[in-house]
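Novice: how does the following fold in three dimensions:
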Amino acid sequence: MTLHFPNASRNYDPVRRCVSFWGHDSTFEVAFHVDEDALQRIGQGISPAAPGDEASLLHVFDANRARIERVAGQAYSRRRQNFHRLSASDF
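Specialist: The predicted model follows:
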């Protein structure tokens, strides 16, 4: 089965310090969290994300969504779990 990302929604969670988004493998929903540190690394040189700044973190996520989804798919293919937290080392 293949992981798809039909839902473009994402949200910033200040308590967990991450951006959450969801993928689907057939009828199974898979939740992903991207750490602030990962988003800061991704955004370097393009649009730096300030720690805890929701707008800049979401902007970096949106501008790099294809890359983030690709990394999420790789993580899911290694371990088919219903939750994955992506950190800076994943990128």
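
Novice: which stretches in the chain count as helices?
Specialist: Using DSSP state H, the helices found in the chain span residues 36-43, 54-63, 65-78.

Novice: for residue 30, which residues are in contact?
Specialist: 3, 22, 23, 24, 76, 81, 82, 83, 84 (C-beta atoms under 8 Å, 6 or more residues apart in numbering). The C-beta positions use only the backbone N, C-alpha and C, and glycine is treated the same way.

Novice: with pLDDT added, can I get these in TSV?
Specialist: Converted to TSV, the contacts of residue 30 look like this (pLDDT from 0 to 100):
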residue	pLDDT
3	93
22	98
23	98
24	97
76	97
81	95
82	96
83	98
84	98
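
Novice: between the helices of the chain, which one is nearest to residue 8?
Specialist: Of all the helices of the chain, helix 65-78 sits nearest to residue 8, with 8.0 Å by C-beta to C-beta.
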